[in-house]
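[1] compute the structure for the input listed below.
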Amino acid sequence: MANHVSALKRARQTERRTEFNRANRSRVRSSLRALREALAKGDLNAAQAQYRQTISTLDKSVQKGVLHGNTASRYKSRLNARLKALTAKA
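    Below you'll find the model as predicted:
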């Protein structure tokens with residue numbers, strides 16, 4: 001365990017930051033799962049609504065430094081392709 005005051009403070013900050021990151025990552029994963037389920041069901045309206053929510057969640061996680069920008073772009077691109085395929089099918 002840390003002995004210096006500054007090291008103790010850094011340990012506290014790391015714990016708090018880890019909790020924020022874990023909560024944000026969980027929020028992103030839940031949103032992605034909900035969108036994938038809506039796409040799998042073929043429910044276009046629900047998928048479009050969830051898509052907007054998921055994109056917002058991904059962008060916020062990039063701003064907070066939880067996800068890399070390119071990773072979020074890759075997710076958004078693939079999800080948009082699946083949504084467009086569902087739209088074309090309907």
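[2] pick out the residue closest to the middle of the chain.
    Nearest to the geometric centre of the chain sits Val28, at 2.5 Å (Cα atoms, centre = their mean).
[3] residues touching that residue, list them.
    If you count contacts by Cβ atoms under 8 Å, 6 or more residues apart in numbering, Val28 has them with Thr57, Leu58, Ser61, Val66, Leu67. Bear in mind the C-beta positions are built from the backbone N, C-alpha and C, glycine included.
[4] tell me how far it lies from Val66.
    As judged by Cβ to Cβ, to the nearest Å, Val28 and Val66 stand 7 Å apart.
[5] show the subsequent helix or strand relative to the longest helix seen in the chain.
    Assignment by DSSP state H gives helix 5-41 as the longest helix of the chain. With elements assigned by DSSP states H and E, the helix or strand that comes after helix 5-41 is helix 44-63.
[6] for that following helix, name the packing helices and strands.
    helix 5-41, helix 69-89 (3 or more Cβ pairs under 8 Å, 6 or more residues apart in numbering; DSSP states H and E).
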